[in-house]
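Chemist: Sequence plus predicted model, see below.
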There are 2 protein chains.
Amino acid sequence: MSILVVGSVAMDSVETPFGRRKEILGGSATFFSITASFFNKVDLIATVGEDFPKRYVRLFKDRNIGIDGLTISKGKTFRWKGRYDFDLNTAHTISTHLNVFKDFDPHVPKDLRKPKLLFLANIDPDLQYNVLSQVKRPKLVACDSMNYWINTKRKSLERLLDKIDVLLLNDAEARQFSGESNLFKAARSIISYGPKAVVIKRGEHGVIYFSRQTHFVAPAYLLENIYDPTGAGDTFAGGMMGYLSRARKINEATIRKSIVYGSIMASFTVEDFSVNRLLEISAKDIKDRFDNFRRITKF
Amino acid sequence: MSILVVGSVAMDSVETPFGRRKEILGGSATFFSITASFFNKVDLIATVGEDFPKRYVRLFKDRNIGIDGLTISKGKTFRWKGRYDFDLNTAHTISTHLNVFKDFDPHVPKDLRKPKLLFLANIDPDLQYNVLSQVKRPKLVACDSMNYWINTKRKSLERLLDKIDVLLLNDAEARQFSGESNLFKAARSIISYGPKAVVIKRGEHGVIYFSRQTHFVAPAYLLENIYDPTGAGDTFAGGMMGYLSRARKINEATIRKSIVYGSIMASFTVEDFSVNRLLEISAKDIKDRFDNFRRITKF
């Protein structure tokens, strides 16, 4: 099943207790698409500036990522600068320069208007809605968002929620959107806006998937070394939707496995800066970690 | 397999965002033994004051809890007063009155000196050591401790660790004892002091069990309503050792199941104040929740 993602491609500067890196490849659509490409072809809708390094464009191409929807706009590429303290769960933004991303008005090329799976990475919910309106209704639409849009564009987000299948949020965002501190109640509230399911990401504490009928709790894959959590959430989404596209069926069993694959993929991303670790691993590494995940959670 | 526990029996006064209760039954040995009694006979070593309500003594008796080691000392029962904020993970102590507990010098009655399973609940590590010295080496010795003893009696704790099988700690205590923020490294450091395994309790985020060879990650049972987390850790230990005593074999498979039973039992305790919820439930409730735990974690 084909995968389409709309989101950001950015240049990040990141500081964690374990090091700092300047001008490295980042952005939600970057992490998502590189991850999903381990499972299937994925097409990317995003915009970058004229300064975007050609080698990254080649990287996408080499990874079977369709870039017909990647436009190069006049100006500079979106830049994000952030810092993590020893509590690696919270990103502290130092600066955001939207640059060409400010006028991003995603256009889905004609050939990409029938995706089976669509991921609306974290951008303005009105833009997410526009993208969704341009395509034939996919089999599954998943969507990410953040505190900023919950605060400033709640109505837009609500309108979008009524059209999607799965919302991905972290626990703080789920609580913020719903006004409920208990995650059961938060999930129920979110689902009442329309989506069939919500995935609540809890960083090092794993993920909970809530549908109308069931829920599924998955711990995070335990790591000895975490260098940079940037991109973990989008990597999770990439692993989840990548696996679903390969599984070809969307049901409770494949969704649960997809969530474990999402966690596994995120566990690689955080082991190095940017997408570095993802570029090192093989299908066998993914399979081995998945099998190990089974072993360490079995009882 | 017979179970022996040494610890505190106390009168608690607790305040949570969901209510307050005064002079309710508490104490580590209380939560442990009432929980373990669902699985097997358990004997209790503790001391209370002359003011300790007779109905609680009857409660222990009615629950198949041996009280030959429960002494009634001159003076008042140990009292703890605490408060939890909306983050129910951290207890804030308002006051501690040790009372008769100050001179607690646990003596194991002759008939109880051959327990198969021994739980040294959180008391002075020198007293834990003394109790261990009074019994024939049990098949399994598990031990709890806390930040206070790590700070003030580290050497005593180290001496004890060399003699036990399983140490139970929460994540903050594991980090404090080991000086390692990563839980893998913390566990490895703790195990280097002698125990075969360490169970790191993470409250609403579940439990990780580390042995020399393997580890096992169990999420917490997700609850809609949590009223009072007091006693969750000792309940966990009671469920864990209770199940092991019933299983009769101690191996990787039974230990993993015992950890899930520990989590399940703790999930009941936190649904009400004191041991109230434990007094309501039946073996079927436990079984149902265990089966549901399997369902919501399976993939």
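Modeler: Done, it's in.

Chemist: What's the local residue count around the residue in the stretch 51-200 of chain A that chain B sits nearest to?
Modeler: Relative to chain B, the nearest point of the stretch 51-200 of chain A is residue A:184 (4.7 Å; Cβ to the nearest Cβ). Any C-beta I mention is one placed from the backbone N, CA and C, and that applies to glycine too. Other residues near residue A:184 come to 15 when the count uses other Cβ atoms under 10 Å in any protein chain shown.

Chemist: where's it relative to residue A:198, distance?
Modeler: Distance, residue A:184 to residue A:198, using Cβ to Cβ, to the nearest Å: 11 Å.

Chemist: Now do the shared contacts for these two.
Modeler: Listed as contacting both residue A:184 and residue A:198 by Cβ atoms under 8 Å, 6 or more residues apart in numbering or on different chains are residue A:210.

Chemist: circling back: just checking, the residue of the stretch 51-200 of chain A closest to chain B touches residue B:222?
Modeler: Yes: at 6.5 Å, residue A:184 counts as touching residue B:222 under the criterion of Cβ atoms under 8 Å.

Chemist: Number of residues surrounding the residue lying closest to residue A:37 once chain neighbours are set aside?
Modeler: Take residue A:37 and drop its neighbours on the chain: the residue closest to it by Cβ to Cβ, 6 or more residues apart in numbering or on different chains is residue A:63, 4.5 Å away. Around residue A:63 there are 18 other residues, counting by other Cβ under 10 Å.

Chemist: How about the one 10 residues further on?
Modeler: The local packing count at residue A:73 equals 17, with neighbours defined by other Cβ under 10 Å.

Chemist: Provide a list of residues in contact with the residue lying closest to it once chain neighbours are set aside.
Modeler: Closest residue to residue A:73 apart from its sequence neighbours, by Cβ to Cβ, 6+ apart: residue A:100 at 4.0 Å. Residues near residue A:100 by Cβ under 8 Å, 6+ apart: A:47, A:48, A:49, A:73, A:74, A:75, A:76, A:77, A:78.

Chemist: And for residue A:296?
Modeler: Neighbours of residue A:296 in contact, by Cβ under 8 Å, 6+ apart: A:222, B:214, B:215, B:216, B:217.

Chemist: Next, the buried residues of the helix or strand hosting it.
Modeler: Under the criterion of DSSP states H and E, residue A:296 resides in helix A:283-297. If you call a residue buried by 16 or more other Cβ atoms under 10 Å in any protein chain shown, then helix A:283-297 has these buried ones: A:286, A:289, A:290, A:293, A:296, A:297.

Chemist: Need the contact partners of the helix or strand where residue A:58 lies.
Modeler: Assessed by DSSP H and E, residue A:58 sits inside helix A:54-62. By Cβ under 8 Å, 6+ apart, the residues outside helix A:54-62 that reach it are A:9, A:25, A:33, A:34, A:44, A:67, A:70, A:279.

Chemist: what's the answer for stretch A:268-285, then?
Modeler: By Cβ under 8 Å, 6+ apart, stretch A:268-285 touches A:12, A:14, A:19, A:21, A:24-26, A:30-31, A:34-35, A:38, A:59, A:88, A:223, A:225-232, A:235, A:265, A:286, A:289.

Chemist: can you pull out the strands in chain A?
Modeler: Secondary structure of chain A, counting by DSSP state E: strands at A:3-6, A:10-16, A:19-26, A:42-49, A:65-73, A:79-84, A:91-97, A:117-120, A:140-144, A:166-170, A:197-201, A:207-211, A:215-218.

Chemist: Can I get those strands in a markdown table including mean pLDDT?
Modeler: A markdown table is the format used below for those (pLDDT from 0 to 100):
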| stretch | mean pLDDT |
| --- | --- |
| strand A:3-6 | 98 |
| strand A:10-16 | 97 |
| strand A:19-26 | 97 |
| strand A:42-49 | 98 |
| strand A:65-73 | 97 |
| strand A:79-84 | 96 |
| strand A:91-97 | 93 |
| strand A:117-120 | 98 |
| strand A:140-144 | 98 |
| strand A:166-170 | 97 |
| strand A:197-201 | 98 |
| strand A:207-211 | 98 |
| strand A:215-218 | 98 |
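
Chemist: possible to save the ones you listed as JSON lines with distance to residue B:152?
Modeler: Compiled in JSON lines, these are given as follows (distance: least, Cβ to Cβ, whole Å):
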{"stretch": "strand A:3-6", "distance to residue B:152": "55"}
{"stretch": "strand A:10-16", "distance to residue B:152": "34"}
{"stretch": "strand A:19-26", "distance to residue B:152": "37"}
{"stretch": "strand A:42-49", "distance to residue B:152": "57"}
{"stretch": "strand A:65-73", "distance to residue B:152": "58"}
{"stretch": "strand A:79-84", "distance to residue B:152": "33"}
{"stretch": "strand A:91-97", "distance to residue B:152": "35"}
{"stretch": "strand A:117-120", "distance to residue B:152": "53"}
{"stretch": "strand A:140-144", "distance to residue B:152": "47"}
{"stretch": "strand A:166-170", "distance to residue B:152": "38"}
{"stretch": "strand A:197-201", "distance to residue B:152": "39"}
{"stretch": "strand A:207-211", "distance to residue B:152": "39"}
{"stretch": "strand A:215-218", "distance to residue B:152": "37"}
